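Peer 1: Got a predicted structure plus its sequence, pasted below:
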Amino acid sequence: MYGLLAGIFSVGVAQCLVLGYHAMMKKHPKTSYIQQKRDYEWLEMAKQHLFQPEGLALLLCYLSVSWHFQWLPESYYEVNTQICWIDVAKQLLVQDALQYGCHVMEHSIPTLYKKTHKHHHVFRNPVLFDAFQGSILDTVTMVIVPLYITSQVVHTNHRSYVVFGTVYSGWLTLIHSEFEHWWDCYL
């Protein structure tokens, strides 16, 4: 149980840091927007971001069920281990490639697109808080299924999985941000 709680706590901390960074960027006078500025109530949107069912809540359910029923490889339950940064990088690459493939698939199949991903694309000027807006089926297709496959492809330990999940959740949120980030020139 410790392993599951450590992972969930770490992702929660990452989301709080992302929200703190976003709040600073929004208030900074020299912040550069990458699209038309959209007005919204920041605190209300932050609450929606954290508590909408198709976002972190669904991810929490997946993590709890997969941990409880031991769907992950045995090595993921080894909690007293060191972080393997190569495994973290492998997980990020596999997850990103799978999510990209699912994204292309959802856009390529009109029926699937209408039932899953279309809900996410109602935002013409997306902001950070739109990252997990969509449908439950979209989150299952583009996040949960790739997460499960990634865990089966990259066998690692608990701490490496936690670091991967923490980085991935923050990254997935930040790529929807309306701001230009200092690191964008390196990508």
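Peer 2: Ah, there it is.

Peer 1: got any ranges where the protein has weak pLDDT?
Peer 2: Per-residue confidence for the chain (pLDDT under 70) gives these ranges: 123.

Peer 1: Could you find the closest non-adjacent residue to the spatially most central residue of it?
Peer 2: The chain has residue 169 as the residue nearest its centroid, 3.3 Å off, counting by CA atoms, centre = their mean. Spatial nearest neighbour of residue 169, excluding adjacent residues (CB to CB, 6 or more residues apart in numbering): residue 11 at 4.8 Å. Every C-beta, even on glycine, is put in place using the N, C-alpha and C of the backbone.

Peer 1: Please identify the helix or strand for the residue lying farthest from the centre of the chain.
Peer 2: For the chain, the largest distance from the centre (CA atoms, centre = their mean) belongs to residue 29, which lies 27.9 Å off. Using DSSP states H and E, residue 29 sits in no helix or strand.

Peer 1: picking up where we left off before, what strand or helix carries the residue nearest to the centre of the chain?
Peer 2: helix 158-174.

Peer 1: can you pull the buried residues of that helix?
Peer 2: 158-170, 172-174 (16 or more other CB atoms under 10 Å).

Peer 1: packing partners for it?
Peer 2: Judged by 3 or more CB pairs under 8 Å, 6 or more residues apart in numbering; DSSP states H and E, the packing partners of helix 158-174 are helix 2-27, helix 85-108.

Peer 1: Mind putting the ones you listed into a markdown table with distance to residue 39 and mean neighbour count?
Peer 2: As requested, the helices and strands packed on helix 158-174 are exported to a markdown table (distance: least, CB to CB, whole Å; neighbours: other CB atoms under 10 Å):
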| stretch | distance to residue 39 | mean neighbour count |
| --- | --- | --- |
| helix 2-27 | 11 | 16 |
| helix 85-108 | 28 | 16 |
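
Peer 1: Switch the ones you listed over to JSON lines; also include distance to residue 74.
Peer 2: Shown next, in JSON lines, are the helices and strands packed on helix 158-174 (distance: least, CB to CB, whole Å):
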{"stretch": "helix 2-27", "distance to residue 74": "12"}
{"stretch": "helix 85-108", "distance to residue 74": "15"}
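
Peer 1: packing partners for the helix or strand harbouring residue 47?
Peer 2: Here residue 47 sits within helix 42-51, counting by DSSP H and E. Applying 3+ CB pairs under 8 Å, 6+ apart, one finds that helix 42-51 makes contact with helix 2-27.

Peer 1: Please compute how far the helix it packs on lies from its chain's middle.
Peer 2: Distance, stretch centre to chain centre, for helix 2-27: 11 Å (CA atoms, centre = their mean, to the nearest Å).
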